[in-house]
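>>> build me a model from this:
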Amino acid sequence: MGDVVVEGGGEIMSMGISLACRQKPDKSYNPQVETVKILDRAWEHVSSVPYQVSARWLFYRLLQDGIYRTKKDYNTFLSIMSRARKNEYGPWRRDTLVDDTRTIYPHERGDRDGSAWAEDFKKHGVRCKLDHWFWQQRYVEIWFEAAAMVSQFRHHTSGIDITLRPFQGMPSIYYKNEAARQISEYARKVYDLPVTILYFGDDDRAGHLIAETSIGDIYTWGDVELHVDRIGLNPGDGKRYGIPEDFEHPGNYQWEALNDETAGSLIKDALKHYVDLQVINEIREEEAAVETALMKHLKTFEFVYKP
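As a prediction, the model looks like this:
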């Protein structure tokens with residue numbers, strides 16, 4: 001069934017679903033003074049880190065500021081963020097906040113035709129991708145409880161090819177089984193290395209239970225030994241790093257509440273301890289040398305398609 005377009009401000013009907021006509025941002029949107037204060041403070045937090053953040057991350061910052069009092073205020077916060085972004089109020093745009101909890105599976109793109117592919121091939125060559133884990137002393141992965149912090153972990157591990165496994169609370173049986181299967185395959189069949197897991201989670205009852213239960217299941221269902229180093233948060237880290245308490249649950253501390261500088265130091269220091277960064281540098285040099293040598297031969301490549 002094709003689209004039926006009704007002109008003159010009507011609706012677009014597609015497959016029985018009514019879609020509102022495209023709406024431009026409402027530039028006349030004029031939030032109340034208190035809302036403006038919230039948006040201004042929120043923007044300061046968004047601008048304080050070099051990566052995009054999620055709504056959940058931002059909400060935790062405003063909780064710490066005392067702007068919001070309980071997690072029940074989350075829906076109110078989302079409504080404010082939604083209106084500001086949809087209407088492009090001030091610096092806010094639709095892509096200001098990211099959704100780290102949903103994965104998109106895009107189709108694999110290609111060139112227009114064989115000649116276009118050949119020209120792109122000559123211009124850019126073929127990327128040489130070598131795997132540094134073949135040359136490491138151990139295979140390392142990073143697991144963390146808060147899926148909302150994916151952007152943070154990706155930022156602080158940039159330049160190091162390492163698997164990140166966000167748990168998003170207590171992970172499903174399927175998720176844990178896949179982790180057990182993949183790690184067993186990497187450790188036994190691919191790299192033949194011992195496995196180290198760097199774990200990051202909240203310092204509260206749920207945070208420790210999630211780690212213990214999930215890691216226990218993954219270990220049981222796999223066939224390799226796991227060395228697990230819980231980098232943080234650990235008992236005492238809250239006071240050590242000046243993390244605000246979860247005021248709904250005194251004595252509890254959440255990873256999202258940790259400032260980015262400290263979080264980055266914990267992540268990077270752990271990587272330096274368990275991953276040989278010199279090996280990665282040597283691998284990158286070899287990749288560049290291979291690409292340079294190959295490009296010399298690609299300049300003369302021609303392609304003409306004759307059906």
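>>> so which bits of the longest helix seen in the chain are buried?
Across the chain, the helix with the greatest residue count (assigned by DSSP state H) is helix 277-298. Using 16 or more other Cβ atoms under 10 Å as the test for burial, helix 277-298 gives 280, 283, 290-291. Quick note: C-beta positions are derived from backbone N, CA and C, even for glycine.
>>> quick one: contacts of that helix?
121-122, 125-132, 135-136, 159-161, 271 (Cβ atoms under 8 Å, 6 or more residues apart in numbering).
>>> quick one: the helices in the protein?
Going by DSSP H, the chain shows helices at 33-46, 55-65, 74-86, 114-124, 150-156, 173-185, 205-221, 237-240, 260-274, 277-298.
>>> specify which member of the contacts of helix 277-298 is nearest to Ser172.
Asp161 (25.9 Å; Cβ to Cβ).
>>> that older thread, closest to Gly251 out of the buried residues of helix 277-298?
Ile280 (39.7 Å).
>>> pLDDT wise, what is the closest one at?
pLDDT recorded at Ile280 is 96.
>>> pull up the gap between the residue positioned nearest the centre of the chain and Arg112, please.
Ranked by distance to the mean C-alpha position of the chain (Cα atoms, centre = their mean), the top residue is Val150 at 2.8 Å. Going from Val150 to Arg112 by Cβ to Cβ, to the nearest Å gives 34 Å.
>>> quick check: domain ranges of this protein?
With automatic domain parsing as the criterion, the domains of the chain are listed as 25-98, 137-275.
>>> format those domains as JSON lines; extra columns: mean pLDDT and distance to His297.
As requested, the domains of the chain are exported to JSON lines (pLDDT from 0 to 100; distance: least, Cβ to Cβ, whole Å):
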{"stretch": "domain 25-98", "mean pLDDT": "90", "distance to His297": "38"}
{"stretch": "domain 137-275", "mean pLDDT": "92", "distance to His297": "27"}
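>>> among the ones you listed, which is nearest Trp117?
Once the domains of the chain are compared by Cβ to Cβ, domain 137-275 is nearest, at 26.5 Å.
>>> and the contacts of helix 277-298, which two are furthest apart?
Farthest pair in these, by Cβ to Cβ: Lys122 and Leu271, 37.2 Å.
>>> who's more crowded, these two?
Between Lys122 and Leu271, Leu271 has the larger neighbour count (other Cβ atoms under 10 Å), namely 19 against 15.
>>> I figured that one hits Gly159, correct?
No. Applying Cβ atoms under 8 Å as the test, Leu271 and Gly159 come out as separate, 9.9 Å apart.
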